[in-house]
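Engineer: attaching a predicted model along with its sequence, questions to come.
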Amino acid sequence: MPTALELTPEAMAVYRATAQRRRQAEHQALQQRQQLAWQLARQAAALLEGQFKATRVVVFGSLVHPDCFTPWSDVDLAAWGLAPEDTFRAMGAVMDLGQEIEINLVDAGACRSSILETIECEGVNL
């Protein structure tokens with residue numbers, strides 16, 4: 001097998017074209033995953049507001065920072081107004097929405113102030 005220095009110009013052109021197609025396919029797959037993540041976030045917000053009477057739902061984390069979103073990113077949500085007795089059921093219901101992408105729910109009324117500060121600074125209301 002030749003080394004990169006031993007490749008002919010034709011072989012190098014084939015290598016570069018293949019690498020370019022791979023990068024384009026990976027970029028397209030990541031964009032589709034990000035679109036699915038936003039769709040799941042909106043579905044979760046509707047579920048939390050409708051079934052669990054959340055008064056506010058915010059998405060935060062890598063989804064709101066497109067340059068940080070990766071093929072392994074999850075969806076991070078925070079909800080306000082959940083009844084304490086409903087919190088774990090709400091978390092389970094939201095987790096069940098995402099078979100392809102994990103969804104994590106934070107009860108804004110019960111989380112640490114440092115986490116809440118981050119959510120308030122970077123979060124996007126749904």
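Structural biologist: Noted; the coordinates are in hand. Residues are numbered from 1 along each chain as shown.
Engineer: from here on, contacts and neighbour counts on C-alpha atoms
Structural biologist: Will do.
Engineer: scan the chain for its longest helix.
Structural biologist: Determined from DSSP state H, the single longest helix within the chain is helix 9-51.
Engineer: show me what the helix or strand containing Gly92 is packed up against.
Structural biologist: Using DSSP states H and E, Gly92 falls within helix 87-97. Judged by 3 or more Cα pairs under 8 Å, 6 or more residues apart in numbering; DSSP states H and E, the packing partners of helix 87-97 are helix 9-51, strand 103-107.
Engineer: now do the buried residues in that helix.
Structural biologist: Buried positions in helix 87-97, judged by neighbour count with 16 or more other Cα atoms under 10 Å: Thr87, Ala90, Met91, Ala93, Val94, Met95, Leu97.
Engineer: would you put the C-alpha positions of that helix in PDB?
Structural biologist: C-alpha atoms of helix 87-97 as PDB (Å, rounded to 0.1, in the frame of the first residue of the first chain):
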ATOM      1  CA  THR A  87     -41.600  15.800  38.400                       C
ATOM      2  CA  PHE A  88     -40.500  12.200  38.000                       C
ATOM      3  CA  ARG A  89     -43.400  11.300  35.700                       C
ATOM      4  CA  ALA A  90     -42.700  14.300  33.600                       C
ATOM      5  CA  MET A  91     -39.000  13.300  33.300                       C
ATOM      6  CA  GLY A  92     -40.000   9.800  32.200                       C
ATOM      7  CA  ALA A  93     -42.600  11.100  29.700                       C
ATOM      8  CA  VAL A  94     -40.100  13.500  28.100                       C
ATOM      9  CA  MET A  95     -37.400  10.800  28.000                       C
ATOM     10  CA  ASP A  96     -39.800   8.400  26.200                       C
ATOM     11  CA  LEU A  97     -40.100  11.000  23.300                       C
END
